[in-house]
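K.L.:
build me a model:
(2 chains)
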Amino acid sequence: MKARLTIAGAIAALLIPGAAQAHRQWMLPSSTILSGDDAWVTVDAAVSNDLFYFEHVPMRTDGISVTLPDGSSGKIENAATGKYRSVFDVHLTQPGTYRIASVSSGIMGSYMLNGKRERLPRGTTKDKLASAIPAGATDVRTAEMSNRNEIFLTLGAPTTTIFKPAGEGIEMVPVTHPNDLIAGETATFQFLLDGRPAEDIKVTIIPGGIRYRDSLNQMDMSTDKDGRLSVTWPEPGMYWMSASIGGGRAGGPGASGASGMGQDNAGSQDDGPAGPPPRRASYVSTLEVMAP
Amino acid sequence: MQISHRLLLTGTAAFGAAGTIATPASAQTMTLSVTLPRLSVAEYHRPYVAVWIEKEGATPRTLSVWYDVDKRGGEGTKWLRDVRQWWRVSGRSMKFPADGVTGATRAPGEQKIAFTAGRGPLGALGPGNYTLVVEAAREVGGRELLRLPFAWPPKPGATVRMQGKSELGAVVLNFGK
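P.N.:
Numbers count the residues shown, from 1 in each chain, chains lettered A, B, ... in the order given. As a prediction, the model looks like this:
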C-alpha cells in the first residue's frame, strides 16, 4: 500500500496521462487537416481536468518530437510555457501526415535502505538502474513504464509512413487514418504493446467541451484479440483518446500484483511471485472528427 | 447510396471503360448553372466552390474549383480544405492550380459552366448512375452542398434542378440535345 502511494506520487510528478490522478494530459492542434503547400499549425499542450481547458499545469515541451511524412525528424518552433499551458508551432512544408509526439520511458520504483523506503530518482532509465540502487538496498520494487502522447496532422492527402511502430510501449496503428475521421462513421484502430497486438487494452474516448455539459459522455472500450477496436463518432469535434496498462484507473496486466505494482527483485519474501517487473504503459492522442 | 470516401480505397476504377467508348460524332454536352446568392452581410467574400461527380465504386472526379487563385504565394490554397467534403473525396489528392479545373472565385448571380463528354475534366463516362455535387464554402460565412443525381447516357434535353438554402441558390444541370 505504501509503495502504491509512493509511486502514485511519482506519477503525478511526472505528469503521466491516465495515471491515478484525474488529470489528463493533452495536445490540441489548431488544425489537423490542411491544404496548400506551406502551412502552420499551433498546438496547445497542457495537463488539466476538463478537456480541453487549461486549468492545471502546462505540459513540458522539451520532449516533443516531430516526425515528417517521409519519416525524417522535424522540429517544433516558438515554444513557450505559461502558467497553465504550453504553446508551440509546427511548420508543414511536406505533403502528407505528420506526427507530433511526446514519448518517454523509464523505470520507477523504490527500495528499503536503513529501515526507510526510498524512491528511485525521477528519470531513472533501464541502463542506469543498477547505479541508481545503493549498496545495501533491499526489497527493490520496480516497474518499467513507457508513455506516449501523440497527435497527427495532414497536409494534402493522408500518408502512412509515420505509423511504422517503434515497438515500445502502447502504440496506435491506424486501420482508419486518424486524419480521416467523420461524425457518423466508424473508425478502427489497432493498439500494440511493445510491438505486438495488445488484446484487452482499456481505451477511453472523451469528447472535448466538458465544461459546458453535465455528463462526461465518455466511451469505454476494450481491444479485441488483434488489439483492435472500433468507434462510431457521435458528433464532430475534438476527442481525447487514452489507453493505459499496469496500474492507475485502467487496470490491465501488471495491475494485479500483490501491492498493485510492486515486484520483489531483491530476494525479499513478502511480495508476489518472482518474474519480470510489471509493465506500465500509457497512450494519449487527440483526434479531430469532422462534420460530414 | 452513400458512397464511402474513407481512405481504405481499394481500386481506383475509372468512370469510363477506358478506350472502349468512342466519342460520338456530336459529343454529349452538359451545362451547369450555379446561382450564388447575393448576401447582405457586413463582410462578404465570394465563396470557394467545388463541383465534382461521383459514381459508386469509382474515384470521384473534380470538374471545377473556384478559389482565390491570385493570392500571393499560393495563399488562397490554405482554405481549400474548408470545402470539406470535396477536399476529402478529391481535393486533397490534387495539385493547385489544376489546368482546366481551377479558376477564380465568381461573383453573386448565375454562373454557367459547360462540359463536353470525352473532353476536359468531364472525360469519358461509362453508362450508369452518377451524382454531380456542388459545394460552396464562404470565408466568415457558411457552407452548403447540393447533390444532383443523373443517369448516363442522359436523355437529350434532360434537366436536374436543386435549390439551395443558404450559400447556394438554384443549381441546374442541363444536358444538350
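K.L.:
so where do the helices sit in chain A?
P.N.:
With DSSP state H, the ranges of helices along chain A come out as A:2-14, A:129-132.
K.L.:
where does the prediction get shaky in the chain?
P.N.:
Using chain A. For chain A, applying pLDDT under 70 flags the ranges A:1-22, A:247-277.
K.L.:
that's the wrong chain, I meant chain B
P.N.:
Within chain B, the stretches with pLDDT under 70 are B:1-14, B:16-26.
K.L.:
what residues does chain B have near chain A?
P.N.:
B:6-8, B:73-75, B:77-81, B:84-85, B:87-88, B:91-93, B:96 (CB under 8 Å from any CB of the partner chain). Placement of C-beta: from N, CA and C, glycine included.
K.L.:
list buried residues within those.
P.N.:
B:7, B:77-81, B:84-85, B:87-88, B:91-92, B:96 (16 or more other CB atoms under 10 Å in any protein chain shown).
K.L.:
so the residue of chain B most remote from its centre: helix, strand or coil?
P.N.:
Within chain B, B:Ala42 marks the point farthest from the mean C-alpha position, 28.3 Å out by CA atoms, centre = their mean. What DSSP: H, G, I helix; E, B strand; the rest coil gives for B:Ala42 is coil.
K.L.:
for B:Glu75, same thing?
P.N.:
Classification of B:Glu75 by three-state DSSP places it in helix.
K.L.:
that one touches B:Asp68, doesn't it?
P.N.:
Yes. Assessed by CB atoms under 8 Å, B:Glu75 is found in contact with B:Asp68 at 7.4 Å.
K.L.:
assign a three-state SS to the residue nearest the centre of chain B, would you?
P.N.:
By CA atoms, centre = their mean, the mean C-alpha position of chain B lies nearest to B:Val51, the distance being 1.1 Å. Classification of B:Val51 by three-state DSSP places it in strand.
K.L.:
any idea how many residues pack against the closest residue in space to B:Arg119 that isn't next to it in sequence?
P.N.:
For B:Arg119, ignoring the flanking residues on the chain, the nearest one in space by CB to CB, 6 or more residues apart in numbering or on different chains is B:Ala27 at 6.9 Å. Using other CB atoms under 10 Å in any protein chain shown, B:Ala27 has 14 other residues around it.
K.L.:
I figured the residue nearest to the centre of chain B hits B:Ser64, correct?
P.N.:
Yes. When contacts are counted by CB under 8 Å, B:Val51 is listed as touching B:Ser64 (4.3 Å).
K.L.:
joint contacts of the two?
P.N.:
Common neighbours of B:Val51 and B:Ser64, using CB atoms under 8 Å, 6 or more residues apart in numbering or on different chains, are B:32, B:113.
K.L.:
for the closest residue to A:Thr67 other than its chain neighbours, which residues are in contact?
P.N.:
Using CB to CB, 6+ apart and skipping the chain neighbours, the partner closest in space to A:Thr67 is A:Arg99 (4.2 Å). Contact analysis of A:Arg99 by CB under 8 Å, 6+ apart lists A:66-67, A:150-152, A:162.
K.L.:
got it, and B:Asp82?
P.N.:
Contact analysis of B:Asp82 by CB under 8 Å, 6+ apart lists B:48, B:137, B:143.
K.L.:
which other residues reach stretch B:103-112?
P.N.:
Under CB under 8 Å, 6+ apart, the answer for stretch B:103-112 is B:31-39, B:45-49, B:64-70.
K.L.:
can you do 7 Å?
P.N.:
Identification of contacts with stretch B:103-112 by CB atoms under 7 Å, 6 or more residues apart in numbering or on different chains yields B:31-38, B:46-48, B:66-70.
K.L.:
now stretch A:161-169
P.N.:
A:67, A:69-71, A:97, A:99, A:105, A:146-148, A:171, A:173-174, A:192, A:194-195, A:281.
K.L.:
could you dump it to CSV, C-alpha only?
P.N.:
Taking C-alpha atoms only, stretch A:161-169 is exported to CSV below (Å, rounded to 0.1, in the frame of the first residue of the first chain):
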residue,chain,number,x,y,z
THR,A,161,4.9,6.2,-43.4
ILE,A,162,5.0,7.6,-39.9
PHE,A,163,2.9,4.8,-38.5
LYS,A,164,5.7,2.2,-38.6
PRO,A,165,5.7,1.1,-34.9
ALA,A,166,8.7,1.7,-32.7
GLY,A,167,8.0,-1.5,-30.8
GLU,A,168,7.9,0.1,-27.4
GLY,A,169,5.0,0.9,-25.1
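K.L.:
how about the residues of chain A by chain B?
P.N.:
Listed as neighbours of chain B in chain A under the rule CB under 7 Å from any CB of the partner chain: A:33-37, A:39, A:156-158, A:176-177, A:180, A:290.
K.L.:
among those, which pair sits farthest apart?
P.N.:
Within the residues of chain A next to chain B, A:Asp37 and A:Thr176 form the most distant pair, 26.2 Å apart (CB to CB).
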